[in-house]
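*Asks:* please find the sequence and the predicted model below.
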Amino acid sequence: MLQNKTVAGKAVEDRCKKLLTGRYHKTSIVKLTKLIEKNHNIPIHISNDYISLMKKPVDAPVEVLFSIMEAMDSNEKNEALHLIPKYFDDNEIKKYEKYKYNPNKLKFPLKFEATQITETQWIGRITVKELIKLHPIIKYNPNTQRSLKRVTLNGVEIYSIFLNEKALDEITASYLNNSYIPNTITLNIPEDVDFEYKDGQLIFKALENLDIIDGYHRYVAMTRAYSADNRFDYTMEVRWTVFNEDKARQFIWQEDQKTKMTKVESASFNQNDPGNQLINMLNQVTALKDIVSINGNINAGVASEYLNYLWFNKRRHVYTRKEIVDVKKIIERGLLDVLDTKPEAFDKRWNAREVGALFLLIYKKDIDSLFEFIDYINKEELAIHSAVAKRGMVRLEEAYQNFKS
(Lines give C-alpha, C1' and ligand atoms only; values in the text may rest on other atoms or scores of the structure.)
Protein backbone atom coordinates (compact mmCIF):
# COMPACT_ATOMS: atom_id res chain seq x y z
CA MET A 1 0.00 0.00 0.00
CA LEU A 2 1.13 3.56 -0.68
CA GLN A 3 0.25 4.46 2.92
CA ASN A 4 -0.20 2.14 5.90
CA LYS A 5 -3.50 0.41 6.48
CA THR A 6 -4.25 2.45 9.61
CA VAL A 7 -4.24 5.68 7.59
CA ALA A 8 -6.31 4.07 4.82
CA GLY A 9 -8.83 2.74 7.34
CA LYS A 10 -9.17 6.17 8.93
CA ALA A 11 -9.83 7.73 5.51
CA VAL A 12 -12.64 5.24 4.87
CA GLU A 13 -14.03 5.80 8.37
CA ASP A 14 -14.15 9.56 7.80
CA ARG A 15 -15.91 9.04 4.45
CA CYS A 16 -18.38 6.67 6.16
CA LYS A 17 -19.17 9.27 8.83
CA LYS A 18 -19.90 11.82 6.11
CA LEU A 19 -22.11 9.28 4.35
CA LEU A 20 -23.99 8.32 7.52
CA THR A 21 -24.88 11.92 8.31
CA GLY A 22 -26.26 12.53 4.81
CA ARG A 23 -29.96 12.95 4.20
CA TYR A 24 -30.39 9.67 2.31
CA HIS A 25 -27.77 7.64 4.13
CA LYS A 26 -29.82 4.41 4.29
CA THR A 27 -30.36 4.41 0.54
CA SER A 28 -26.68 5.24 -0.05
CA ILE A 29 -25.53 2.34 2.13
CA VAL A 30 -27.80 -0.11 0.33
CA LYS A 31 -26.48 1.12 -3.02
CA LEU A 32 -22.84 0.74 -1.93
CA THR A 33 -23.24 -2.72 -0.40
CA LYS A 34 -25.07 -4.02 -3.48
CA LEU A 35 -22.35 -2.63 -5.74
CA ILE A 36 -19.66 -4.28 -3.61
CA GLU A 37 -21.54 -7.57 -3.74
CA LYS A 38 -21.89 -7.27 -7.53
CA ASN A 39 -18.22 -6.45 -8.13
CA HIS A 40 -16.56 -8.72 -5.58
CA ASN A 41 -19.18 -11.19 -4.33
CA ILE A 42 -18.78 -9.83 -0.78
CA PRO A 43 -21.98 -10.52 1.20
CA ILE A 44 -23.96 -7.38 2.03
CA HIS A 45 -23.83 -8.00 5.79
CA ILE A 46 -20.00 -7.98 5.73
CA SER A 47 -19.54 -4.67 3.91
CA ASN A 48 -22.49 -3.15 5.79
CA ASP A 49 -20.77 -3.77 9.15
CA TYR A 50 -17.83 -1.60 8.07
CA ILE A 51 -19.75 1.09 6.16
CA SER A 52 -22.21 1.53 9.03
CA LEU A 53 -19.17 1.64 11.37
CA MET A 54 -20.40 -1.22 13.53
CA LYS A 55 -16.86 -2.47 12.90
CA LYS A 56 -13.86 -0.24 12.25
CA PRO A 57 -12.81 -0.17 8.56
CA VAL A 58 -9.15 -0.42 9.62
CA ASP A 59 -9.90 -3.96 10.84
CA ALA A 60 -11.37 -5.07 7.51
CA PRO A 61 -9.28 -7.42 5.35
CA VAL A 62 -7.37 -5.33 2.82
CA GLU A 63 -9.46 -6.76 -0.04
CA VAL A 64 -12.67 -5.63 1.64
CA LEU A 65 -11.18 -2.20 2.39
CA PHE A 66 -10.26 -1.83 -1.30
CA SER A 67 -13.75 -2.91 -2.37
CA ILE A 68 -15.37 -0.28 -0.14
CA MET A 69 -13.05 2.44 -1.47
CA GLU A 70 -13.77 1.36 -5.04
CA ALA A 71 -17.54 1.60 -4.53
CA MET A 72 -17.19 5.01 -2.86
CA ASP A 73 -14.98 6.28 -5.69
CA SER A 74 -17.50 5.16 -8.30
CA ASN A 75 -20.07 7.50 -6.69
CA GLU A 76 -17.64 10.42 -6.44
CA LYS A 77 -17.50 12.58 -9.59
CA ASN A 78 -14.54 14.63 -8.34
CA GLU A 79 -11.50 12.44 -9.12
CA ALA A 80 -9.37 14.50 -6.71
CA LEU A 81 -11.41 12.97 -3.89
CA HIS A 82 -10.96 9.38 -5.05
CA LEU A 83 -9.43 7.18 -2.37
CA ILE A 84 -7.90 4.23 -4.22
CA PRO A 85 -5.12 6.18 -6.04
CA LYS A 86 -4.00 7.59 -2.68
CA TYR A 87 -3.60 4.22 -0.97
CA PHE A 88 -2.98 1.51 -3.61
CA ASP A 89 -0.32 1.25 -6.31
CA ASP A 90 -1.07 0.10 -9.87
CA ASN A 91 -0.16 -3.54 -9.25
CA GLU A 92 -2.37 -3.71 -6.16
CA ILE A 93 -5.25 -2.09 -8.04
CA LYS A 94 -5.03 -4.71 -10.82
CA LYS A 95 -4.89 -7.47 -8.21
CA TYR A 96 -7.79 -6.32 -6.03
CA GLU A 97 -10.03 -5.33 -8.94
CA LYS A 98 -10.18 -9.06 -9.76
CA TYR A 99 -10.80 -10.12 -6.16
CA LYS A 100 -13.87 -12.29 -5.53
CA TYR A 101 -14.99 -13.22 -2.05
CA ASN A 102 -15.11 -16.99 -1.73
CA PRO A 103 -17.30 -18.21 1.14
CA ASN A 104 -16.10 -21.76 0.45
CA LYS A 105 -12.42 -20.89 0.75
CA LEU A 106 -12.22 -22.99 3.90
CA LYS A 107 -11.49 -26.59 3.09
CA PHE A 108 -13.74 -29.03 4.89
CA PRO A 109 -13.60 -31.04 6.95
CA LEU A 110 -11.86 -28.64 9.35
CA LYS A 111 -9.91 -30.45 12.06
CA PHE A 112 -8.52 -29.08 15.32
CA GLU A 113 -6.61 -30.96 18.01
CA ALA A 114 -8.47 -30.64 21.33
CA THR A 115 -9.10 -32.27 24.69
CA GLN A 116 -12.69 -32.69 25.85
CA ILE A 117 -13.52 -31.07 29.20
CA THR A 118 -17.32 -31.49 29.27
CA GLU A 119 -19.94 -32.43 26.70
CA THR A 120 -19.96 -28.82 25.50
CA GLN A 121 -16.37 -27.69 26.12
CA TRP A 122 -12.96 -28.54 24.65
CA ILE A 123 -9.51 -27.00 25.05
CA GLY A 124 -6.82 -26.97 22.39
CA ARG A 125 -4.32 -24.81 20.55
CA ILE A 126 -4.62 -22.50 17.56
CA THR A 127 -2.32 -20.10 15.70
CA VAL A 128 -2.95 -16.59 14.44
CA LYS A 129 -2.71 -17.78 10.84
CA GLU A 130 -5.35 -20.43 11.52
CA LEU A 131 -7.59 -17.77 13.07
CA ILE A 132 -7.05 -15.46 10.07
CA LYS A 133 -8.28 -18.25 7.81
CA LEU A 134 -11.44 -18.40 9.94
CA HIS A 135 -11.97 -14.62 9.63
CA PRO A 136 -14.90 -14.88 7.15
CA ILE A 137 -16.94 -16.93 9.63
CA ILE A 138 -15.93 -15.23 12.89
CA LYS A 139 -18.75 -12.91 13.86
CA TYR A 140 -19.45 -10.55 16.73
CA ASN A 141 -22.74 -11.50 18.36
CA PRO A 142 -24.10 -8.46 20.28
CA ASN A 143 -26.37 -10.80 22.27
CA THR A 144 -23.37 -12.54 23.81
CA GLN A 145 -20.89 -9.67 23.96
CA ARG A 146 -20.70 -6.28 25.61
CA SER A 147 -23.37 -3.79 24.57
CA LEU A 148 -22.71 -1.86 21.40
CA LYS A 149 -21.50 1.71 21.83
CA ARG A 150 -23.94 4.38 20.69
CA VAL A 151 -22.57 7.47 18.97
CA THR A 152 -24.68 10.35 17.60
CA LEU A 153 -23.40 12.12 14.48
CA ASN A 154 -25.47 15.13 13.42
CA GLY A 155 -28.56 13.55 14.90
CA VAL A 156 -27.91 10.11 13.40
CA GLU A 157 -27.37 7.27 15.89
CA ILE A 158 -24.58 4.83 15.09
CA TYR A 159 -24.00 1.61 17.01
CA SER A 160 -20.51 0.19 16.95
CA ILE A 161 -18.50 -2.49 18.72
CA PHE A 162 -16.73 -0.85 21.64
CA LEU A 163 -12.96 -1.16 21.35
CA ASN A 164 -10.46 0.20 23.84
CA GLU A 165 -7.94 1.63 21.38
CA LYS A 166 -5.25 2.20 24.02
CA ALA A 167 -5.48 -1.42 25.13
CA LEU A 168 -5.50 -2.57 21.50
CA ASP A 169 -2.34 -0.59 20.73
CA GLU A 170 -0.58 -2.08 23.75
CA ILE A 171 -1.65 -5.67 22.96
CA THR A 172 -0.73 -5.29 19.27
CA ALA A 173 2.72 -3.96 20.20
CA SER A 174 3.19 -6.87 22.63
CA TYR A 175 2.32 -9.35 19.88
CA LEU A 176 4.74 -7.76 17.42
CA ASN A 177 7.66 -7.65 19.89
CA ASN A 178 6.91 -11.23 20.96
CA SER A 179 6.32 -10.37 24.62
CA TYR A 180 2.63 -11.33 24.91
CA ILE A 181 2.25 -14.54 26.92
CA PRO A 182 -0.33 -16.89 25.34
CA ASN A 183 -3.72 -17.05 27.02
CA THR A 184 -7.09 -18.42 26.06
CA ILE A 185 -9.50 -17.22 23.38
CA THR A 186 -13.01 -18.71 23.45
CA LEU A 187 -14.89 -19.62 20.26
CA ASN A 188 -18.54 -20.58 20.55
CA ILE A 189 -19.97 -23.07 18.04
CA PRO A 190 -23.65 -22.74 17.05
CA GLU A 191 -25.76 -25.56 18.45
CA ASP A 192 -26.92 -26.74 15.03
CA VAL A 193 -23.43 -27.18 13.53
CA ASP A 194 -22.58 -30.60 12.13
CA PHE A 195 -19.37 -31.70 13.86
CA GLU A 196 -17.93 -34.56 15.88
CA TYR A 197 -15.20 -35.13 18.43
CA LYS A 198 -13.13 -38.17 17.49
CA ASP A 199 -9.62 -39.37 18.30
CA GLY A 200 -8.69 -36.14 20.05
CA GLN A 201 -9.95 -33.92 17.25
CA LEU A 202 -12.89 -31.59 16.69
CA ILE A 203 -14.01 -32.29 13.12
CA PHE A 204 -16.31 -29.80 11.35
CA LYS A 205 -18.09 -31.01 8.21
CA ALA A 206 -19.51 -27.50 7.69
CA LEU A 207 -19.24 -24.23 9.61
CA GLU A 208 -20.84 -20.90 8.69
CA ASN A 209 -20.12 -18.84 11.77
CA LEU A 210 -18.25 -18.77 15.07
CA ASP A 211 -18.85 -16.33 17.89
CA ILE A 212 -15.98 -15.00 20.03
CA ILE A 213 -17.32 -14.91 23.58
CA ASP A 214 -14.00 -14.17 25.26
CA GLY A 215 -10.97 -12.49 23.70
CA TYR A 216 -12.42 -10.14 21.05
CA HIS A 217 -9.89 -7.37 21.78
CA ARG A 218 -7.05 -9.87 21.51
CA TYR A 219 -8.48 -11.17 18.23
CA VAL A 220 -8.63 -7.66 16.75
CA ALA A 221 -5.08 -6.99 17.97
CA MET A 222 -3.91 -10.19 16.26
CA THR A 223 -5.49 -9.17 12.95
CA ARG A 224 -3.84 -5.73 13.21
CA ALA A 225 -0.48 -7.29 13.98
CA TYR A 226 -0.90 -9.64 11.01
CA SER A 227 -1.83 -6.71 8.75
CA ALA A 228 1.33 -4.91 9.85
CA ASP A 229 3.49 -8.00 9.26
CA ASN A 230 1.99 -11.02 7.49
CA ARG A 231 4.90 -13.15 8.72
CA PHE A 232 3.54 -12.72 12.22
CA ASP A 233 2.26 -15.86 13.90
CA TYR A 234 1.59 -16.85 17.48
CA THR A 235 0.24 -19.94 19.17
CA MET A 236 -2.36 -19.70 21.92
CA GLU A 237 -4.89 -21.75 23.82
CA VAL A 238 -8.37 -21.98 22.36
CA ARG A 239 -11.49 -22.98 24.23
CA TRP A 240 -14.26 -24.38 22.05
CA THR A 241 -17.79 -24.24 23.46
CA VAL A 242 -21.29 -25.10 22.32
CA PHE A 243 -23.37 -22.70 24.43
CA ASN A 244 -26.77 -21.21 23.75
CA GLU A 245 -27.02 -17.44 24.21
CA ASP A 246 -28.14 -17.68 27.84
CA LYS A 247 -25.25 -19.95 28.79
CA ALA A 248 -22.81 -17.84 26.78
CA ARG A 249 -23.89 -14.70 28.67
CA GLN A 250 -23.56 -16.55 31.98
CA PHE A 251 -20.05 -17.65 30.99
CA ILE A 252 -19.06 -14.06 30.12
CA TRP A 253 -20.48 -12.80 33.42
CA GLN A 254 -18.61 -15.55 35.30
CA GLU A 255 -15.30 -14.65 33.58
CA ASP A 256 -15.82 -11.01 34.57
CA GLN A 257 -16.14 -11.93 38.26
CA LYS A 258 -12.46 -12.73 38.60
CA THR A 259 -10.87 -11.06 41.60
CA LYS A 260 -9.31 -7.92 40.16
CA MET A 261 -6.13 -6.24 41.35
CA THR A 262 -6.01 -2.49 41.78
CA LYS A 263 -4.67 -0.56 38.78
CA VAL A 264 -1.34 0.01 40.53
CA GLU A 265 -1.00 -3.65 41.55
CA SER A 266 -1.82 -4.82 38.03
CA ALA A 267 0.63 -2.38 36.44
CA SER A 268 3.43 -3.63 38.69
CA PHE A 269 3.28 -7.04 36.94
CA ASN A 270 3.85 -5.61 33.45
CA GLN A 271 7.40 -6.63 32.62
CA ASN A 272 7.48 -4.48 29.47
CA ASP A 273 7.10 -1.37 31.62
CA PRO A 274 10.44 0.53 31.93
CA GLY A 275 9.72 1.47 35.56
CA ASN A 276 9.22 -2.19 36.47
CA GLN A 277 12.36 -3.21 34.56
CA LEU A 278 14.33 -0.62 36.53
CA ILE A 279 12.94 -1.94 39.83
CA ASN A 280 13.95 -5.48 38.84
CA MET A 281 17.48 -4.18 38.24
CA LEU A 282 17.52 -2.43 41.63
CA ASN A 283 16.70 -5.72 43.30
CA GLN A 284 19.93 -7.17 41.91
CA VAL A 285 21.84 -4.66 44.09
CA THR A 286 22.50 -6.47 47.37
CA ALA A 287 22.16 -3.38 49.59
CA LEU A 288 18.81 -2.50 48.01
CA LYS A 289 17.27 -5.95 47.51
CA ASP A 290 13.50 -6.07 48.21
CA ILE A 291 13.33 -2.47 49.47
CA VAL A 292 11.22 -1.69 46.38
CA SER A 293 8.96 -4.66 45.70
CA ILE A 294 5.30 -5.67 45.55
CA ASN A 295 5.21 -6.26 49.28
CA GLY A 296 8.23 -4.14 50.17
CA ASN A 297 8.45 -1.07 52.36
CA ILE A 298 8.31 0.91 49.12
CA ASN A 299 5.52 -0.56 47.00
CA ALA A 300 6.80 -1.44 43.52
CA GLY A 301 3.56 -0.42 41.80
CA VAL A 302 3.59 3.05 43.40
CA ALA A 303 7.31 3.47 42.71
CA SER A 304 6.87 2.49 39.05
CA GLU A 305 4.10 5.07 38.59
CA TYR A 306 6.43 7.85 39.74
CA LEU A 307 9.45 6.54 37.84
CA ASN A 308 7.45 6.49 34.63
CA TYR A 309 6.06 9.96 35.24
CA LEU A 310 9.45 11.54 35.94
CA TRP A 311 11.86 9.64 33.69
CA PHE A 312 9.94 7.45 31.23
CA ASN A 313 7.23 9.79 29.98
CA LYS A 314 7.73 9.83 26.21
CA ARG A 315 4.56 8.49 24.60
CA ARG A 316 5.00 5.59 22.16
CA HIS A 317 8.76 5.56 22.82
CA VAL A 318 10.28 2.13 23.40
CA TYR A 319 12.98 2.65 26.00
CA THR A 320 16.24 0.81 25.38
CA ARG A 321 18.06 -1.13 28.07
CA LYS A 322 20.80 1.53 28.09
CA GLU A 323 18.24 4.28 28.76
CA ILE A 324 16.74 2.28 31.63
CA VAL A 325 20.18 1.44 33.07
CA ASP A 326 21.18 5.13 32.97
CA VAL A 327 18.15 6.04 35.11
CA LYS A 328 18.71 3.01 37.35
CA LYS A 329 22.16 4.38 38.24
CA ILE A 330 20.58 7.68 39.32
CA ILE A 331 17.95 5.93 41.48
CA GLU A 332 20.49 3.52 42.95
CA ARG A 333 22.79 6.39 43.98
CA GLY A 334 19.83 8.27 45.50
CA LEU A 335 18.66 5.28 47.55
CA LEU A 336 22.18 4.55 48.79
CA ASP A 337 22.54 8.20 49.83
CA VAL A 338 19.32 7.85 51.84
CA LEU A 339 20.74 4.76 53.58
CA ASP A 340 24.00 6.56 54.29
CA THR A 341 22.07 9.42 55.92
CA LYS A 342 19.56 7.27 57.78
CA PRO A 343 20.32 3.51 57.81
CA GLU A 344 16.90 2.65 59.30
CA ALA A 345 15.02 4.68 56.63
CA PHE A 346 13.58 1.65 54.86
CA ASP A 347 12.63 -0.30 57.97
CA LYS A 348 9.10 1.14 57.82
CA ARG A 349 6.46 1.14 55.08
CA TRP A 350 6.39 4.37 53.06
CA ASN A 351 3.07 5.95 52.10
CA ALA A 352 2.34 7.23 48.59
CA ARG A 353 3.31 10.85 49.26
CA GLU A 354 6.60 9.78 50.87
CA VAL A 355 7.44 7.59 47.87
CA GLY A 356 6.59 10.46 45.54
CA ALA A 357 8.76 12.82 47.58
CA LEU A 358 11.66 10.35 47.46
CA PHE A 359 11.71 10.16 43.67
CA LEU A 360 10.98 13.84 43.18
CA LEU A 361 13.99 14.85 45.25
CA ILE A 362 16.21 12.28 43.54
CA TYR A 363 15.03 13.79 40.25
CA LYS A 364 15.77 17.32 41.49
CA LYS A 365 19.16 16.22 42.91
CA ASP A 366 18.17 17.47 46.37
CA ILE A 367 18.21 14.24 48.33
CA ASP A 368 19.73 16.04 51.36
CA SER A 369 16.36 17.78 51.91
CA LEU A 370 14.33 14.56 51.74
CA PHE A 371 13.44 13.95 55.38
CA GLU A 372 12.70 17.60 56.12
CA PHE A 373 10.44 17.67 53.06
CA ILE A 374 8.71 14.46 54.13
CA ASP A 375 8.02 15.95 57.57
CA TYR A 376 6.62 19.02 55.82
CA ILE A 377 4.19 17.16 53.52
CA ASN A 378 3.09 14.77 56.28
CA LYS A 379 2.24 17.73 58.53
CA GLU A 380 0.33 19.26 55.63
CA GLU A 381 -1.36 15.87 55.10
CA LEU A 382 -0.94 16.32 51.40
CA ALA A 383 -3.59 14.26 49.56
CA ILE A 384 -1.58 11.95 47.32
CA HIS A 385 -3.12 8.82 45.80
CA SER A 386 -0.82 6.15 44.46
CA ALA A 387 -2.90 5.45 41.34
CA VAL A 388 -2.71 9.02 40.00
CA ALA A 389 0.99 9.79 39.65
CA LYS A 390 0.51 12.88 37.50
CA ARG A 391 -1.87 14.64 39.88
CA GLY A 392 0.15 13.56 42.91
CA MET A 393 3.42 14.79 41.45
CA VAL A 394 1.89 18.16 40.54
CA ARG A 395 0.87 18.58 44.19
CA LEU A 396 4.26 17.45 45.41
CA GLU A 397 6.05 19.89 43.11
CA GLU A 398 3.86 22.74 44.37
CA ALA A 399 4.57 21.68 47.96
CA TYR A 400 8.30 21.49 47.17
CA GLN A 401 8.29 25.06 45.84
CA ASN A 402 6.52 26.25 49.01
CA PHE A 403 8.92 24.21 51.15
CA LYS A 404 12.00 25.75 49.50
CA SER A 405 10.59 29.27 49.73
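*Replies:* That came in fine, so what should we check first?

*Asks:* packing partners for whichever strand or helix holds K329?
*Replies:* Assigned by DSSP states H and E, K329 belongs to helix 321-341. Counting by 3 or more C-beta pairs under 8 Å, 6 or more residues apart in numbering; DSSP states H and E, the packing neighbours recorded for helix 321-341 are helix 274-282, helix 352-363, helix 370-380. The way it works is simple: take the backbone N, C-alpha and C, and place the C-beta from them, glycine included.

*Asks:* redo the ones you listed as JSON lines? Include distance to Q201 and mean neighbour count.
*Replies:* Below are these laid out as JSON lines (distance: least, C-beta to C-beta, whole Å; neighbours: other C-beta atoms under 10 Å):
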{"stretch": "helix 274-282", "distance to Q201": "41", "mean neighbour count": "22"}
{"stretch": "helix 352-363", "distance to Q201": "54", "mean neighbour count": "23"}
{"stretch": "helix 370-380", "distance to Q201": "64", "mean neighbour count": "15"}
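
*Asks:* list the buried ones in the helix holding K329?
*Replies:* Neighbour counts over helix 321-341 (16 or more other C-beta atoms under 10 Å) mark 323-324, 327-328, 331-332, 334-335, 338 as buried.

*Asks:* got the angle between it and helix 370-380?
*Replies:* Per axes from the mean of the first three to the mean of the last three C-alpha atoms, to 10 degrees, the angle that helix 321-341 makes with helix 370-380 is 80 degrees.

*Asks:* name the nearest residue to the residue most central in space within the chain, ignoring sequence neighbours.
*Replies:* A centroid search over the chain (C-alpha atoms, centre = their mean) returns L168, at 2.0 Å, as the residue closest to the centre. The shortest distance from L168 to any non-neighbouring residue, by C-beta to C-beta, 6 or more residues apart in numbering, is to A221 (5.3 Å).

*Asks:* give me every residue that touches the one you found.
*Replies:* Counting by C-beta atoms under 8 Å, 6 or more residues apart in numbering, A221 touches 168, 171-172, 175.

*Asks:* so how far is whichever strand or helix holds I93 off the chain centroid?
*Replies:* Using DSSP H and E, I93 falls within helix 90-97. Distance of helix 90-97 from its chain centroid, counting by C-alpha atoms, centre = their mean, to the nearest Å, is 32 Å.

*Asks:* try stretch 60-79
*Replies:* Distance, stretch centre to chain centre, for stretch 60-79: 28 Å (C-alpha atoms, centre = their mean).

*Asks:* let the chain start at 23 from now.
*Replies:* Will do, 23 is the new start, and the previous item becomes stretch 82-101.

*Asks:* before we move on, the earlier item: avg pLDDT for the helix holding I115?
*Replies:* The average pLDDT within helix 112-119 is 95.

*Asks:* which positions in whichever helix or strand comes after it come out as buried?
*Replies:* Next along the chain after helix 112-119, taking DSSP H and E as the criterion, comes strand 132-140. Buried residues in strand 132-140, counted by 16+ other C-beta under 10 Å: 132, 134, 136.

*Asks:* just the angle for whichever helix or strand comes after strand 132-140 relative to strand 132-140, thanks.
*Replies:* Counting by DSSP H and E, the next helix or strand C-terminal to strand 132-140 is strand 143-149. Orientation check (the same axes, to 10 degrees): strand 143-149 against strand 132-140 gives 140 degrees.

*Asks:* if we can go back for a sec, three-state assignment of the residue nearest to the centre of the chain?
*Replies:* What DSSP: H, G, I helix; E, B strand; the rest coil gives for L190 is helix.

*Asks:* with L87 instead?
*Replies:* Three-state call for L87 (three-state DSSP): helix.

*Asks:* count the residues that sit near it.
*Replies:* 25 (other C-beta atoms under 10 Å).

*Asks:* show me what contacts it?
*Replies:* Each residue near L87 by C-beta under 8 Å, 6+ apart is listed here: 27, 30-31, 34, 72, 79-80.

*Asks:* picking up where we left off before, buried sites along the helix or strand where the residue nearest to L190 lies?
*Replies:* A243 belongs to helix 238-250 when assigned by DSSP H and E. Within helix 238-250, the residues that count as buried by 16+ other C-beta under 10 Å are 238-249.

*Asks:* rebuild those residues as CSV, extending it with pLDDT and distance to E376.
*Replies:* Shown next, in CSV, are these (pLDDT from 0 to 100; distance: C-beta to C-beta, whole Å):
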residue, pLDDT, distance to E376
Y238, 88, 42
H239, 89, 37
R240, 92, 38
Y241, 92, 43
V242, 91, 41
A243, 92, 38
M244, 93, 43
T245, 90, 45
R246, 90, 42
A247, 91, 41
Y248, 90, 47
S249, 85, 47
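
*Asks:* shaky segments in the chain?
*Replies:* 125-126, 167-170, 177-178, 280-285, 287-290, 404-412 (pLDDT under 70).
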